[in-house]
Structure formats: structure tokens, C-alpha cells
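Chemist: Quick one, what's the 3D model for this:
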Amino acid sequence: MNLIRLQNDTITSLKVRLQEMEKLASLEMGGNSKLESLYNELTNKQLENDALRASIENIHSENEKEETNEHHLAKIGDTTVGLSTTDRLLPNILRSDFDEECEHRFGLGLSDNWRNTKEEWCTMPSHQKDDDDASSIHCYPYHQEHKKQGRRAQKDMFCEGKNIFIDFNQIKGTHSKTKPPLGSQYLNFGSGATFASCQKTGKWTDSLFMPHMARQLGRMVFGKKHPNAHYEKGSTYLLARDEDCENMFHSSADHINIYNVAQILGLDFNALQVALFDRHFDGPFYELISRAFSPNHPLKRIGDYNGKVVQFEHVIWHLESPAGIVFPKVGGPTGLMQCHHSSLWEGYRKHVLNQFDLLNVPPPPIPTVLLSFRRRTGQKNVGRVFQDEKVLTDVLKEGNMMSVTSIDLGTLPFRKQLELVRSCNIMVGAHGAGLMHVLFMAEESVLVEIHPSYRLDRHFRLASRMTGKVYLPMRSTEPVTCKGSSDAIPVDKGEFRRTMDAAVRIARSFDDGASECGLTCDSRILALDKGNDPLYGTLGTRKGTALNTKFPCH
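Modeler: Reported below is the predicted structural model:
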């Protein structure tokens, strides 16, 4: 702007001088066409600059107005998401076409796209829309790219409602103490168990409701109120969990979906009430759901509403797990597995860690291995156990200047699992749901996944890439042994040693690590890394004499 003003001042000065010269030329020579032409050119230039300055001042004025608007952009890791529906989450930074596609499939760009699908499915007559007790339902049907082909060519959808009534006396099903049989894990709704004063619009399409939502909204009654209903103020999130909600992989689909919906709607987790709207038992992730998504309100079940008719000020029907972005198929047939560092995954990851006060944990100073075992019990004949755990532990004992913890994470409360995972930078385990913990490892980390010979899944490769972790796979070539439906994986000792040598070599270079070596490291190389000095006594390792690093040639 200052440059434009300076340019105009210069032009004005030149025009004054030219006018003087033109008068002189007219007196002496009867006029000068070249001077007149130059004068006109300068006049046109000044007009262009005036127009440019006016345009810039207008843009500057609009920016100042936007900056004074009262809205709060969502920040990764914040507990409060308070987002206005006009805000765009996706940062306006330069991206390649491929980066842009990845962001719109896996990142906050997905939230942006989903928000733009908002449709009014239930509305009041125009003269009643502004009434305090007016009801409405808006739905968000979105066709994810990977579902535009094949047998699952369908849209995924969640909905939100205002002043919606639910008669809990007409809902059948109580939550279980153990995992309910397949097919009986969800609630049953009588006709009119859900009702509202609004009327369906032409957008209403029963076939677009997701499975649990269809049970409820498919039997909804319209144009009805209840004058004495209990009023539930604020936002209530009705969470119908995956049929395998005790499984960390499948439950992560639900949890990331909740986070995504919060970005789309601008929900404040500190004010949100989550209701577990299913018949599942509490499960191992009850604490995660409570702390991450309903921190100031105890989780509710349908029994907590005591058979009342409840009017919900704002209710959200869950984006159910089949819409999740944790499944490798979201990568499409080719290419998209190259995507990495998803802003949506990273936002979810940091939010959960923050809610457990584990976001600002410093990274481990040396390779810190968490060896995750699965073990059969009398209650559960789990699959993908290791045929001989000692093969793995013996190899890890060969290492020096490193730490190793071996544990069955499934035996621990979720918070304790999270603390262990957060403090490690190498996690090792057989293909299984527990490897979803890769989301919560130290910022620089390696996941070593041991595949049985018969599995070709890429679930945890995707999770590693989306959260910026190094993925290091290993495949067993020998057939598994079986005990009923449970398989035991044989692990070749030499192959595991080579894999762990690579993993440890990578981890020694994390942060400002300077030990360029693998599983078993020469003490002279370790001595070059000053960061190791405080740890010799703790690990029972003797410090060697450092290699001479002076240039030897003269």
C-alpha cells in the first residue's frame, strides 16, 4: 500500500513538471505532441493505481471485519472445538494435487466437505420456524470416495435435531454385563418412541439412515409435542457403538467419527453429554469415551432417563462405525496408501492424549521397546498369539543401551495402557487390534507388525502413516498352529533379529540421538552420544572410549 502511494506521489510530481514544460513548449514552438502523449500516459497510470489502491483498501477493510467476528477456530489438541459453520478447517497452504486429495479423504478437509452436505429433513412451517420450541432435523449425507464403487456404493450419514422428543418408556433393551450376542447389541424402538413437532421434507430418505439410526428414526412420528416432557438442555450425543466395540481397531472407527462430527458441527466437548445408546457392556474404552468426549458429564445409559419423555434441546445421532476412515479400503484401489500425516487423525490423537494429561510427555532418550503379547485365557481363546514368546524376548536381550517392556496390554486399564504406549518409541506385536495404539506412541516412533503367513491386511500400516510413524512389517513364512479358532504364529529368530536391528537403528537417530548403530551397538559408538551418559548406571552398561572423530589426513 505504501509503495502505491509513493508511486502516485511520483506520478503527480512528474505531471506538474510536464504541465510546466508543455506551457513553455506551447509558447516557444506552438505545442509539443510528445509531451502531451507522455502526460496522458501518466494520467492513465495514476487512474490505474487509484483503482488498485481502492481495491486493496476494500480487501483490508473486509479482513479487519472478519478478524473482529466472534468465532473460535478448532485447534488440534484443544478440548473445546467451538467452530462456526462458516469457518473452514483446512489450512490454505500450498499442496500438490495428491496432497489435496489425501487431505480431503483423511484430513480436516473431509470435515469441511461433510459440513457442506447439510440438508433439512424435518422442518416447521415458515411462520413457526423462529419459535423457541420449534423442532428441526438436519442430516449430512456424504459419499466418501472409496464408497463410490463396488457393492458398498452408498453414502454415510449422521443427523442432528433440535427440540426432539424421546419416550424412553418405548425403548426396549438394557445394557449387558458381558458382550451381547451378535444381532442383539442394539436397542429396539416402539412406533413413536421418537417424535417432534416438525414435518418431513422431500429430503427424507429412510434408506440413507445408518443401521442403528434406522431403527429409531424409521419409526419416528411427526407433528407431535409433549407439554410435560423433561427438558434436557445442551447437546446430547447418542453413541451407538460398533458391534465389536471391545476391539481397539473397531472402536477407533467410532471414536475418530465422534471427533470428526465435532469438527463438522463445532461441538464443545466440555459441554457435551454422551449417552451410550446401545446394549453393549461398558467395555475397555469407557474411560476414553468419558474423558475425551464427555469430560464434565458422566456417560448416560437409557436407564438413566427413567422411562421419561425427554425433550432434547440439541441431539446428535452418531456417525456409525461403517463410515470410519480407519479401514484400509478407504485408500481406494490404488495409490492412496501413500497418504500420510492426516490432520484429522492427528487432531484426534492429540485430543485424547491431552484429556489424559499425556500430550506433553517428553520422548524416551533411548530406544524403548514395548513388546505386546496376546495370551489365551480360560475366558477367551484369542488368536494370533506367538508360538514361542521366548524367541522374541531372547533377541531383545541381545540389545544394549535400550529398554524393553513385555506385557499383555489387554490385562491393563486403558489409562495404564496409554501411559506405557506413550513412553515407548518402538512397539512390537502380532497383527491385531492392540496395534492401534500406534496412534498414541511418542512423536517419533516405529511400529513393528508381525504378520502370520495367511494375513494380508494393511490396517496398521494405514494408522502408522496417518499419524506420521515409521511402519516396519515382518512376515512369518511358516504355517501357524491351531487351538480351536486360535492360531499361534511361529517367529524365525534370525528374521526377527534383523527386523529389530533395523527398528533400533532408526530409533537411535530420533530427537538428537547420535548413536549410528542397531540392536547390538559398539560401546565406542555409544560413547559418542552424550545423551547416553546419564543412563549407563541405570542400565548397567559400561561406557566405552569414544571413537576418535578428528580428521586423520594431513
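Chemist: Isn't residue 210 up against residue 322?
Modeler: Yes. At 6.8 Å, residue 210 counts as touching residue 322 under the criterion of C-beta atoms under 8 Å. (C-beta placed from N, C-alpha, C; glycine too.)
Chemist: what residues are shared contacts of these two?
Modeler: Contact with both residue 210 and residue 322 is made by residues residue 156, according to C-beta atoms under 8 Å, 6 or more residues apart in numbering.
Chemist: What pairs with the lengthiest strand in the chain, parallel or antiparallel?
Modeler: In the chain, assigned by DSSP state E, the strand with the most residues is strand 156-167. With DSSP bridges as the test, strand 156-167 is paired with strand 136-142 (antiparallel), strand 194-196 (antiparallel), strand 309-317 (antiparallel).
Chemist: Quick one: name whatever helix or strand follows the last one.
Modeler: Right, strand 309-317. helix 343-355 (DSSP states H and E).
Chemist: Against residue 308, how distant is the residue lying closest to residue 343 once chain neighbours are set aside?
Modeler: The spatially closest residue to residue 343, leaving aside those adjacent along the chain, is residue 107, at 4.1 Å (C-beta to C-beta, 6 or more residues apart in numbering). Using C-beta to C-beta, to the nearest Å, residue 107 is found at 41 Å from residue 308.
Chemist: okay, those two: which has more neighbours?
Modeler: residue 107 (25 against 16; other C-beta atoms under 10 Å).
Chemist: ok, now which ones touch the more buried one?
Modeler: Here residue 107 is in contact with 90, 342, 343, 344, 345 (C-beta under 8 Å, 6+ apart).
Chemist: run the last query once more with 10 Å
Modeler: For residue 107, the contacting residues are 89-91, 99-100, 325, 339, 341-347, 466, by C-beta atoms under 10 Å, 6 or more residues apart in numbering.
Chemist: How about residue 188?
Modeler: Here residue 188 is in contact with 170, 171, 172, 173, 215, 216, 219, 279 (C-beta under 10 Å, 6+ apart).
Chemist: For residue 516, see how far away residue 546 is.
Modeler: Residue 546 sits 13 Å away from residue 516, going by C-beta to C-beta.
Chemist: what do those two both touch?
Modeler: Counting by C-beta under 10 Å, 6+ apart, the shared contacts of residue 546 and residue 516 are 525, 528, 529.
Chemist: Helix or strand: which one has the nearest residue to the first one once chain neighbours are set aside?
Modeler: Looking back up the chat, that one is residue 525. The shortest distance from residue 525 to any non-neighbouring residue, by C-beta to C-beta, 6+ apart, is to residue 517 (4.9 Å). Using DSSP H and E, residue 517 is not contained in any helix or strand.
Chemist: What count of nearby residues applies to residue 517?
Modeler: 20.
Chemist: Surely it touches residue 532?
Modeler: No. The criterion here is C-beta atoms under 10 Å, and residue 517 misses it with residue 532 at 11.4 Å.
Chemist: overlap in contacts of the two?
Modeler: Contact criterion C-beta under 10 Å, 6+ apart; residues shared by residue 517 and residue 532: 401, 508, 523, 525, 526.
Chemist: quick one: which two of these are the most distant?
Modeler: With C-beta to C-beta as the measure, no two of those lie farther apart than 508 and 523, at 13.7 Å.
Chemist: Need the overlap of contacts for those two.
Modeler: Common neighbours of residue 508 and residue 523 are listed as 401, 517, 532 (criterion: C-beta under 10 Å, 6+ apart).
Chemist: Format these as a markdown table; extra columns: distance to residue 290.
Modeler: Below are the shared contacts of residue 508 and residue 523 laid out as a markdown table (distance: C-beta to C-beta, whole Å):
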| residue | distance to residue 290 |
| --- | --- |
| 401 | 39 |
| 517 | 44 |
| 532 | 40 |
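Chemist: now, which of the residues you listed sits nearest residue 452?
Modeler: Out of the shared contacts of residue 508 and residue 523, the member with the shortest distance to residue 452 (by C-beta to C-beta) is residue 517, at 30.7 Å.
Chemist: Look up how far residue 370 lies from the closest one.
Modeler: Distance of residue 517 to residue 370, computed by C-beta to C-beta: 21 Å.
Chemist: And residue 542, by the same measure?
Modeler: Taken as C-beta to C-beta, the span from residue 542 to residue 370 is 26 Å.
Chemist: Now do the same for stretch 373-384: mean pLDDT, whole number.
Modeler: For stretch 373-384, mean pLDDT rounds to 75.
Chemist: And for stretch 505-524?
Modeler: In this model, stretch 505-524 carries a mean pLDDT of 93.
Chemist: That one: how far from the chain's middle?
Modeler: 32 Å (C-alpha atoms, centre = their mean, to the nearest Å).
Chemist: Enumerate the positions of stretch 283-292 that are buried.
Modeler: 283, 284, 285, 287, 288, 289, 290, 291, 292 (16 or more other C-beta atoms under 10 Å).
Chemist: what about the strands in the stretch 51-200 of the chain?
Modeler: Counting by DSSP state E, counting those that start in this stretch, one finds strands in the stretch 51-200 of the chain at the ranges 119-123, 136-142, 156-167, 171-172, 188-189, 194-196, 199-200.
Chemist: Among the contacts of residue 188, show me the least confident.
Modeler: Minimum confidence in the contacts of residue 188 sits at residue 173, scoring 89.
Chemist: what sits against that one?
Modeler: Residues near residue 173 by C-beta under 10 Å, 6+ apart: 180, 184, 185, 186, 187, 188, 189, 277, 278, 279, 302.
Chemist: count of residues packed around residue 533?
Modeler: By other C-beta under 10 Å, neighbour count at residue 533 equals 11.
Chemist: Which residues are in contact with the residue lying closest to it once chain neighbours are set aside?
Modeler: Excluding its sequence neighbours, the residue lying closest to residue 533 (C-beta to C-beta, 6+ apart) is residue 543, at 7.3 Å. Going by C-beta under 10 Å, 6+ apart, residue 543 touches 401, 523, 524, 526, 527, 532, 533, 535, 536, 537.
Chemist: okay but the third one is in contact with residue 544, surely?
Modeler: Yes. Distance between residue 524 and residue 544: 5.0 Å, which falls inside the contact criterion (C-beta under 10 Å).
Chemist: picking up where we left off before, from the buried residues of stretch 283-292, which is closest to residue 494?
Modeler: residue 284 (35.7 Å).
Chemist: That closest one and residue 245 touch, don't they?
Modeler: Yes. When contacts are counted by C-beta under 10 Å, residue 284 is listed as touching residue 245 (9.0 Å).
Chemist: need the helices for the stretch 201-350 of the chain, in chain order.
Modeler: In the stretch 201-350 of the chain, the helices defined using DSSP state H, counting those that start in this stretch lie at 211-217, 248-265, 286-293, 343-355.
Chemist: try the stretch 351-500 of the chain
Modeler: Along the stretch 351-500 of the chain, counting by DSSP H, counting those that start in this stretch, helices occupy 389-397, 414-422, 459-466, 493-507.
Chemist: returning to what we had before: deepest-packed of the helices of the stretch 201-350 of the chain, please.
Modeler: Of all these, helix 248-265 has the most neighbours on average by mean count of other C-beta atoms under 10 Å, namely a mean of 24.
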